[in-house]
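1. Below are the sequence and a predicted model; questions follow.
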Amino acid sequence: MKHVNFYYSTKLTFDDYVHGHSFALRIIPPETETQHILSCSLNISPYVSTQQTADAFGNNVTTGYLKGDHRFLDFEIKGSAEVDHTKHRTDYMPCYLYQSQYTKPDDELKTFYDSIRGKCTGTVQDRAAYLCDCLSDVIEYEKGFTSTTTTAAQAFELKKGVCQDFSHILISLLRLDGIAARYIAGLAFCDGETHSWVEFWTGDHWEGIDPANNCPVSDDYLVISQGRDFRDCAIDRGVMFGKYTKQLQLVRSVLT
């Protein structure tokens, strides 16, 4: 078990005034078998009253509505938690067996899986580790080539990507191999932004693996949200009215 302090902040700046802004934030870490949240405070600016709900995947969702004109939305969390990955989560859902919007493989990704499936043997843990090793051999971690809308198939074609892309490709391979897998968004030792990794179902419980770093998940990882892919785990979503054409997002996170 490890005691960790966490901090995450985002500043959304719009290039013109917006109004009638409805938003949903998945930013408050959940209480689970592997992490006990000791404290967590959420600050939002401009000030707005919010409601707390939970979605179908067990994520904490904070919703709010800003009626008047504004050109920014800032939010941050800070708190502490006890993390213990010797314990296991058992919140299985059958949907994690099936390919989703971001993980659906194309012919190239299927061909790659077919080329390595003969050596993908042993326990579920053995197979997951083998697929992760194979992925790290062919994909290079590099920023600037993909975005939050990039799919597993597109990133695999580029042979470049960031943690989100590694996670989507590994999930695609695991599901091709008949292993249920889910996308995890959270904070980790290795990033100044949110990080993503994968949990796979052993048949009894979930275990975590970080394909971007090709290593098992340890107590240095704090879960914020989980789902079938990035779409289910996006930190912030919203709709608004106004003339803005783009937004600038500044993100900072710390896990100590």
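-> Looks like it came in fine.
2. Go ahead and confirm residue 67 touches residue 18.
-> No: using Cβ atoms under 8 Å, residue 67 is not in contact with residue 18; the gap is 10.9 Å. Placement of C-beta: from N, CA and C, glycine included.
3. Have a look at these two and say which one is more surrounded.
-> Neighbour count, other Cβ atoms under 10 Å: between residue 67 and residue 18, residue 18 has more, with 23 against 10.
4. Against residue 14, how distant is the closest residue to that one other than its chain neighbours?
-> Nearest residue to residue 18, sequence neighbours excluded (Cβ to Cβ, 6 or more residues apart in numbering): residue 242, at 3.4 Å. Going from residue 242 to residue 14 by Cβ to Cβ, to the nearest Å gives 7 Å.
5. So which of those two has more stuff around it?
-> Taking neighbours as other Cβ under 10 Å, residue 242 and residue 14 compare with residue 14 leading, 19 against 16.
6. My guess is residue 145 contacts residue 158. True?
-> Yes: in this structure, residue 145 is within contact of residue 158 by Cβ under 8 Å, at 5.5 Å.
7. Packing partners of the helix or strand harbouring residue 116?
-> Per DSSP states H and E: residue 116 is located in helix 107-116. Contacts defined by 3 or more Cβ pairs under 8 Å, 6 or more residues apart in numbering; DSSP states H and E place helix 107-116 against helix 124-138, helix 152-158, helix 163-176.
8. contact partners of the shortest one?
-> If I follow you right, that is helix 152-158. Helix 152-158 is contacted by residues 102-106, 108-109, 112, 139, 145-146, 161, 165, 168-169, 171-172 when judged by Cβ atoms under 8 Å, 6 or more residues apart in numbering.
9. okay, the helices and strands packed on helix 107-116, which one's buried deepest?
-> helix 163-176 (a mean of 27; mean count of other Cβ atoms under 10 Å).
10. Tell me which other helices or strands it touches.
-> Using 3+ Cβ pairs under 8 Å, 6+ apart: helix 163-176 touches helix 107-116, helix 124-138, helix 152-158, strand 181-188, strand 195-201, helix 230-233.
11. Which among the ones you listed is found nearest to residue 8?
-> For the helices and strands packed on helix 163-176, the distance to residue 8 is smallest for strand 181-188, at 6.4 Å, taking Cβ to Cβ.
12. can you tell me the average pLDDT over the closest one?
-> Averaged across strand 181-188, pLDDT comes to 96.
13. With stretch 100-117 instead?
-> Mean predicted confidence for stretch 100-117 is 98.
14. number of nearby residues for residue 253?
-> Based on other Cβ under 10 Å, the number of other residues close to residue 253 is 21.
15. thinking it is in contact with residue 10, fair?
-> No: assessed by Cβ under 8 Å, residue 253 is found out of contact with residue 10, at 9.1 Å.
16. Secondary structure element holding the nearest residue to residue 45 once chain neighbours are set aside?
-> Distance criterion Cβ to Cβ, 6+ apart; nearest residue to residue 45, sequence neighbours excluded, is residue 74 at 4.4 Å. Following DSSP H and E, one finds residue 74 within strand 70-83.
17. Residue 35 reaches residue 221, doesn't it?
-> No: with contact defined as Cβ under 8 Å, residue 35 does not reach residue 221; the gap is 9.0 Å.
18. returning to that earlier point: wait, what's in contact with the residue nearest to residue 18?
-> Applying Cβ under 8 Å, 6+ apart, the residues near residue 242 are 14, 16, 17, 18, 19, 69.
19. and the fifth one, what element?
-> So that's residue 19. Assigned by DSSP H and E, residue 19 falls in strand 2-25.
20. partners of the helix or strand following that strand in the sheet?
-> Next helix or strand after strand 2-25 toward the C-terminus (DSSP H and E): strand 35-45. Note on strand 35-45: by DSSP bridges, its sheet partners are strand 70-83 (antiparallel).
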